[in-house]
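Trainee: model this:
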Amino acid sequence: MDWLKWRSEFPSCAQRVHMNHAGISPLPQRVAAALQEFAAEALVIDDRIYHRWEVRAEAVRGAFARLIGAEPGEVAFVRNTSEGLSLVAAGLDWQAGDNVVALADEYPSNVYPWWGLRRWGVETRMVPRPQARFGVDDVAPLMDGRTRLLAVSAVDWQTGFRADLPALGALCRERGVLFCVDAIQALGAVCIDVTACGIDALAVGGHKWLLAPEGCGALFVSRRIIERLHPVLLGWKSVREASRYLPYHFDLRGDATRLEPGSPPHAAILAFGAALDLLLEIGTEAIEARVLEITDALADGLRRRGASVVSPWGDGERSGIINFRLGNPRALLAALSRAGVVARERRGGIRLSPHFYASTDDVERVLAAVDDYLRAA
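Mentor: Numbering: from 1, shown residues only. Model (predicted):
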């Protein structure tokens, strides 16, 4: 694979070493071009333009479905991960005494939607994980006959720990529990197949590893549960034959699109589609292998300099995120920033999150900045 070919998609490389895809991504050229094309087209509105936008949006829906091994009808567009998870939390029928099992130290997007169920008497049980890892043996003891749903992140936002989704999905099937996944730190960097993993719902925003702008993401809802998920946001597009405005009819759509209540953000969707096309063109398996190769090189170089890698590094645990500790994290982050390296401080260490287009020179530039910090210290 000629990775330099894909690097040319990212003008940001001329100015920064972007090691913060766990935060927000710089846009590829083709994504920026899609936004510009939409704006140019929208300057003059003709009587077919909305139809053309809708046709393109359906192509994007299909592209996302291919990325995760789903059907297009199982995909709804959402603004972000929080909105997707909230639609799941608020759309299920809950009874007082039910419970949800979630993770301690999780990103708030995958906690607050479940905590919001307290008003219905639903408990959220938090799985402790002092070493960042967790698995079936940690989750199962918190489940009982009133557990309705397990909510996890595919990849931890601080350490990059990668959950064993197939094992957790099998546990949920065995217990009759719904399996809901926050995939924002995974999709685009590592592969997820919703069928193989037994996932019932999956939410993701586009602005991290998926290389899209903020404001558009996707919610997968398996056909197994779509009829159990009531749309809490309703509008003209929630129903079949949405363009037949009168007389009113309340025949809700039979798939995940029932969760899209009104006019969609077509500009963001088309940009999202351009990003998905790039990822599918390269191939998700190739991207995952490349990302793990880069994080391996970073980990090796950092360990040679005396750093402690906080991220779990066992078989199947790694992702695109590496967290390490070396000296004063705030001072080290400042040194990295002065060298043009974009990173973040998390969990008492420095979080690096490179994507497939990072080069050997980028890795060396990070390590050189660490060397400069050590000399100054």
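
Trainee: how about stretch 28-46 as CSV, C-alpha atoms only?
Mentor: The C-alpha trace of stretch 28-46 is given here as CSV (Å, rounded to 0.1, in the frame of the first residue of the first chain):
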residue,chain,number,x,y,z
PRO,A,28,-9.3,15.4,3.9
GLN,A,29,-9.2,17.3,0.6
ARG,A,30,-12.2,15.4,-0.8
VAL,A,31,-14.4,16.2,2.3
ALA,A,32,-13.7,19.9,2.0
ALA,A,33,-14.4,19.7,-1.7
ALA,A,34,-17.8,18.0,-1.0
LEU,A,35,-18.7,20.9,1.3
GLN,A,36,-17.7,23.5,-1.3
GLU,A,37,-19.6,21.6,-4.0
PHE,A,38,-22.7,21.6,-1.9
ALA,A,39,-22.4,25.4,-1.2
ALA,A,40,-21.9,26.1,-4.9
GLU,A,41,-24.9,24.0,-5.9
ALA,A,42,-27.1,25.6,-3.2
LEU,A,43,-26.4,29.1,-4.6
VAL,A,44,-29.0,28.5,-7.3
ILE,A,45,-31.9,26.2,-6.2
ASP,A,46,-33.8,24.4,-9.0
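
Trainee: all strands of the stretch 251-377 of the chain, in order?
Mentor: Taking DSSP state E, counting those that start in this stretch to define them, one finds strands in the stretch 251-377 of the chain at 308-309, 322-325, 341-342, 344-346, 349-352.

Trainee: out of these, nearest to residue 19?
Mentor: Among the strands of the stretch 251-377 of the chain, the nearest to residue 19 by CB to CB is strand 349-352 (4.3 Å). Quick note: C-beta positions are derived from backbone N, CA and C, even for glycine.

Trainee: Just checking: what are the partner strands of the closest one?
Mentor: Strands that pair with strand 349-352, judged by DSSP bridges, come out as strand 322-325 (antiparallel), strand 344-346 (antiparallel).

Trainee: where does that strand sit relative to the chain's centre, distance-wise?
Mentor: Offset of strand 349-352 from its chain centre (CA atoms, centre = their mean, to the nearest Å): 19 Å.

Trainee: now stretch 304-317
Mentor: That offset, for stretch 304-317, works out to 22 Å (CA atoms, centre = their mean).

Trainee: So which bits of it are buried?
Mentor: Neighbour counts over stretch 304-317 (16 or more other CB atoms under 10 Å) mark 307, 309-312, 317 as buried.

Trainee: Residue 289: which of these is nearest?
Mentor: Using CB to CB, the buried residues of stretch 304-317 come closest to residue 289 at residue 317, 15.9 Å.

Trainee: Compute the distance between that closest one and residue 268, please.
Mentor: 33 Å (CB to CB, to the nearest Å).

Trainee: what do you get for residue 169?
Mentor: Distance, residue 169 to residue 268, using CB to CB: 30 Å.

Trainee: now do residue 262
Mentor: 14 Å.

Trainee: from the buried residues of stretch 304-317, which ones fall inside helices?
Mentor: Per DSSP state H, helices hold no members of the buried residues of stretch 304-317.

Trainee: Check the burial of residue 319 by counting its neighbours.
Mentor: 26 (other CB atoms under 10 Å).

Trainee: my guess is it contacts residue 153, does it?
Mentor: No: Residue 319 is beyond contact range of residue 153, at 10.4 Å (criterion: CB atoms under 8 Å).

Trainee: Need the residues touching each of those two.
Mentor: Listed as contacting both residue 319 and residue 153 by CB atoms under 8 Å, 6 or more residues apart in numbering are 185-186.

Trainee: so who does residue 202 touch?
Mentor: Shown in contact with residue 202 (CB under 8 Å, 6+ apart): 68, 180-183, 192, 194, 219-220.

Trainee: Among the residues you listed, name the buried ones.
Mentor: Applying 16+ other CB under 10 Å to these flags 68, 180-183, 192, 194, 219-220 as buried.

Trainee: Please tell me how far the spatially most distant residue from the centre of the chain sits from residue 239.
Mentor: When distances are taken from the C-alpha mean of the chain, residue 247 lies farthest, 39.9 Å away, according to CA atoms, centre = their mean. Between residue 247 and residue 239 the computed distance is 12 Å (CB to CB).

Trainee: same thing with residue 184?
Mentor: Counting by CB to CB, the gap from residue 184 to residue 239 is 30 Å.

Trainee: Please say which of these two ends up with more neighbours.
Mentor: When residue 184 and residue 239 are compared for neighbours, residue 184 comes out ahead with 29 against 17, by other CB under 10 Å.

Trainee: Are we agreed that the more buried one is in a strand?
Mentor: No: the assignment for residue 184, made by DSSP: H, G, I helix; E, B strand; the rest coil, is coil rather than a strand.

Trainee: Hmm, residue 205 and it touching each other?
Mentor: Yes: in this structure residue 184 lies within contact range of residue 205 using CB under 8 Å: 5.2 Å.
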